[in-house]
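Peer 1: The following comprises the amino acid sequence and a computationally predicted model.
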Amino acid sequence: MQHCTKAKILLPDESRKIIEIEHINKLGDGRAAGVHLVRDKDSGAKYAEKHFKQNRVYELAFQGPGYETDFDAVRSALFRRKILVNLTEMWFDKPLVADAHYTRWDDENKCNILGTEYIEGNGPKPGDVNYRLIRHFVQSTIHRLYQSGNEAQPGPPESPSWEMDGVVRFMEEVQNRFHEAGLIGSEWQVEKRVYVPASNFIKNSDGDWILVDTESGIFSQPIQINAKYGIPYPAVPRYVRHGIGKEILLLFDDVDFDILSSYVNARRSQLAEKLGTERLEETDKYIEKLEYHTKRWKKREFALLRNHYHLATDPELRHSAKQGIVEHWKRKGKISDEEASRLEDSNLLFYRHLGASIANSLHADMLHLVKRFRSSGVYRFFTDFGFTKQAISTAWRLLTDEDYQLELARGYLHAETDRDYKDGRLSLDDVERLNGYMENDVAKEYIRGFYTHIRVKLFDPPIVGKAIWAGVAVKLDAPEALLPLAISPVFRTIYTVSRMVKNRKKDIPYWSSLLVGMSPFGGGSGAYPVQMYFRNPELSTYLARSVASNVGRHFPLYGKKDSRLEHYFMKFVDIPASIGYEFNAAKTRIQDIYRNMRGRPKDN
């Protein structure tokens with residue numbers, strides 16, 4: 001439901017303004033901020049507001065609140081975007097970064113908000129399924145092997161184009177530009193080797209890729225720790241070298257102002273030609289303000305890995321960092337103005353309060369983890385008899401109730417096609433055609449089986465967990481420990497055999513799904529898409545891609561909607577699809593030969 005809020009915003013020229021904001025909907029939720037679509041009721045202008053939230057990884061790395069509550073941090077984000085807008089217009093003759101219009105404080109949720117330009121569009125669209133992938137690979141290999149001299153040779157056939165390829169090429173170009181200009185933090189937001197930043201781009205109505213997110217959620221080097229899953233991974237060496245060169249161990253949206261100033265000064269005539277004299281002067285002011293707020297922001301956090309020995313030798317730095325923490329507590333409503341004054345004046349009181357705050361945060365995190373575990377299905381299955389009874393009843397219905405299976409399968413297909421339609425990946429005709437397959441008895445049977453297998457997968461540990469489990473069982477010489485790994489294959493086998501018996505008088509083949517479904521180590525859930533492929537390749541590959549997309553979106557660390565990893569997983573479906581295509585082609589050719597042989601008259 002839409003609601004309105006009176007908001008006091010701070011504009012780039014430091015003037016304040018009160019506007020009435022109408023909240024439309026939530027656009028997305030990232031690791032360090034949620035994005036909301038709002039409208040200014042007076043002007044009708046739409047904005048994408050970034051609501052910054054608590055970032056445990058940032059707090060651990062820099063011992064400060066960052067964008068969540070620090071005023072200078074969010075102002076730095078605003079002026080950094082302003083500079084990027086002008087620079088990209090100089091480079092590409094048009095601004096290709098979502099502009100920042102204002103900042104404001106959300107008193108209800110106790111967080112900073114950055115009001116940015118709303119870009120209407122979608123992320124990179126997947127390409128068509130390459131049913132001839134294997135054939136193209138063979139032809140390309142032959143082309144490379146037999147290409148000689150300047151002789152004209154027919155080139156290899158082109159594969160279906162993916163918009164992600166264009167995004168990656170653009171990311172590389174933008175990254176090099178950012179690096180030349182000293183925008184090392186913004187460079188991280190277009191780093192292709194991290195896989196996730198591809199989701200920071202949206203294609204607008206003019207067909208241009210716009211960078212809509214320039215604020216980092218995690219630091220740039222040398223070890224990345226995902227805020228949601230806590231898994232470390234090595235970062236790109238370039239950021240390590242840059243940080244060491246500047247005596248900064250951890251980088252986070254940092255700017256090398258010496259390089260940036262030199263870069264702009266060396267291109268003043270080009271900037272004036274592209275932007276005009278007035279906007280060139282604005283750019284100079286934005287750089288000054290960005291440097292001012294960035295230095296204040298970085299100075300108001302302890303950042304032991306960045307400030308290291310300076311904290312011991314510089315009492316002013318220690319006092320500024322202490323002020324930053326106290327201001328954070330005050331803005332979050334944890335202390336009063338009077339308590340803030342006492343904490344700033346007394347080191348003993350401050351560090352005692354800091355220790356208590358850390359202990360309380362750790363305790364709250366532990367309680368949250370315990371609460372999540374106790375609300376999980378695994379825990380409730382073994383401790384809540386009512387839940388156990390309901391789970392068993394649902395599993396039995398899933399195995400035996402055809403109407404229930406069909407209802408869930410239909411809902412799954414409708415949900416997936418609706419999501420892809422909203423994301424611009426399917427047309428309305430595509431949605432109607434795919435959902436129309438549910439009226440076909442054979443397709444209906446296969447979709448029902450596919451969805452039933454997917455639901456069973458929820459009781460399975462991930463494939464990595466299975467491998468570890470199996471390894472431990474073998475090491476301990478305990479074959480009985482392997483029995484849990486057989487739950488899904490046994491269920492799938494029982495289900496498919498029961499369907500074979502039920503529909504034995506119908507022309508519905510099951511042998512492929514039966515064999516594939518027996519696999520305990522991945523791939524078993526693809527049993528029905530494999531079987532379905534020989535009757536309906538389009539629906540089969542769509543369902544397989546939908547599963548691959550969901551895995552890519554929720555993959556730890558690198559997964560997200562429109563990430564490179566999501567597209568990699570979806571592209572992987574082309575391999576089995578092309579195998580099925582060649583198998584079908586060979587089968588058709590053999591059948592044609594056989595029919596021709598039978599129809600040929602006998603020789604006398």
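Peer 2: Structure's in. What do you need? Residues are numbered from 1 along each chain as shown.

Peer 1: pLDDT on the longest helix along the chain, on average?
Peer 2: Criterion DSSP state H: the longest helix present in the chain is helix 347-374. Averaging the model's pLDDT scores along helix 347-374 yields 86.

Peer 1: List the contacts of the host helix or strand of residue 186.
Peer 2: Taking DSSP states H and E as the criterion, residue 186 maps to helix 184-188. By Cβ atoms under 8 Å, 6 or more residues apart in numbering, the list of residues contacting helix 184-188 from outside reads 80, 84, 175, 178-179, 194, 197, 214, 216, 220, 239, 242, 251-256. (C-beta placed from N, C-alpha, C; glycine too.)

Peer 1: Repeat that for stretch 100-113.
Peer 2: Here stretch 100-113 has contacts from 7-12, 17, 47, 49-53, 67-71, 73-75, 77-79, 81-82, 114-117, 331-333, using Cβ under 8 Å, 6+ apart.

Peer 1: Run the chain-centre distance for stretch 324-340.
Peer 2: Distance of stretch 324-340 from the chain centroid (Cα atoms, centre = their mean, to the nearest Å) equals 34 Å.

Peer 1: what do you get for stretch 198-207?
Peer 2: 15 Å.

Peer 1: Any idea how far apart the tips of that stretch sit?
Peer 2: Start-to-end span of stretch 198-207 (Cα to Cα, to the nearest Å) is 16 Å.

Peer 1: May I see the buried residues of that stretch?
Peer 2: 198, 199, 200, 201, 202, 203 (16 or more other Cβ atoms under 10 Å).

Peer 1: Check stretch 292-304 too.
Peer 2: 293, 294, 296, 297, 298, 299, 300, 301, 302, 303.

Peer 1: Report the two of those separated the most.
Peer 2: Within those, 293 and 302 form the most distant pair, 18.6 Å apart (Cβ to Cβ).

Peer 1: Contacts only, for the residue lying closest to residue 402 once chain neighbours are set aside.
Peer 2: Distances taken as Cβ to Cβ, 6 or more residues apart in numbering place residue 448 nearest to residue 402, at 7.4 Å, with adjacent residues excluded. Neighbouring residues of residue 448 by Cβ under 8 Å, 6+ apart: 402, 405, 406, 409.

Peer 1: so where's the longest strand in this structure?
Peer 2: strand 16-29 (DSSP state E).

Peer 1: now that strand, how far from the centre of its chain.
Peer 2: Using Cα atoms, centre = their mean, the offset of strand 16-29 from its chain centre is 23 Å.

Peer 1: next one: stretch 560-572
Peer 2: 9 Å.

Peer 1: Name the next helix or strand downstream of the helix holding residue 186, please.
Peer 2: By DSSP H and E, the next helix or strand past helix 184-188 is strand 201-203.

Peer 1: sorry, back to before: and the residue nearest to residue 402, which helix or strand is it part of?
Peer 2: helix 441-457.

Peer 1: which among the buried residues of stretch 198-207 gets closest to residue 43?
Peer 2: residue 202 (22.4 Å).

Peer 1: quick revisit: name the residues of the longest strand of the chain that come out as buried.
Peer 2: Neighbour count says strand 16-29 has 19, 21, 22, 28 buried, by 16+ other Cβ under 10 Å.

Peer 1: Please apply the same query to stretch 104-116.
Peer 2: Buried, per 16+ other Cβ under 10 Å, within stretch 104-116: 104, 105, 110, 111, 112, 113, 114, 115, 116.

Peer 1: which phi and psi does the second one have?
Peer 2: Geometry field for residue 105 lists phi and psi as phi -100, psi 130, criterion degrees, to the nearest 10.

Peer 1: Okay, and the beta partners of it?
Peer 2: Going by DSSP bridges, residue 105 is paired in beta bridges with residue 112.

Peer 1: Show me the contact partners of stretch 18-34.
Peer 2: Contacts for stretch 18-34 (Cβ under 8 Å, 6+ apart): 2-9, 35-43, 46, 48, 50-53, 55, 58, 66-67, 213, 215-218, 226-228, 561.

Peer 1: Buried only: go through the residues you listed for me.
Peer 2: The buried subset of those - by 16+ other Cβ under 10 Å - is 7, 9, 35-40, 48, 50-53, 55, 58, 66-67, 213, 215-218, 226-227.

Peer 1: Just these: which are in strands?
Peer 2: 7, 9, 35, 36, 37, 38, 39, 40, 48, 50, 51, 52.

Peer 1: lowest-pLDDT helix or strand in the chain?
Peer 2: strand 223-225 (a mean of 35; mean pLDDT, DSSP states H and E).

Peer 1: that older thread, how about the helix holding residue 186: buried residues?
Peer 2: 184, 185, 186, 187, 188.

Peer 1: Return the member of those residues nearest to residue 208.
Peer 2: Taking the buried residues of helix 184-188 together and measuring to residue 208 by Cβ to Cβ, the closest member is residue 186, at 18.0 Å.

Peer 1: quick one: the closest one and residue 363, what's the gap?
Peer 2: Distance, residue 186 to residue 363, by Cβ to Cβ, to the nearest Å: 37 Å.
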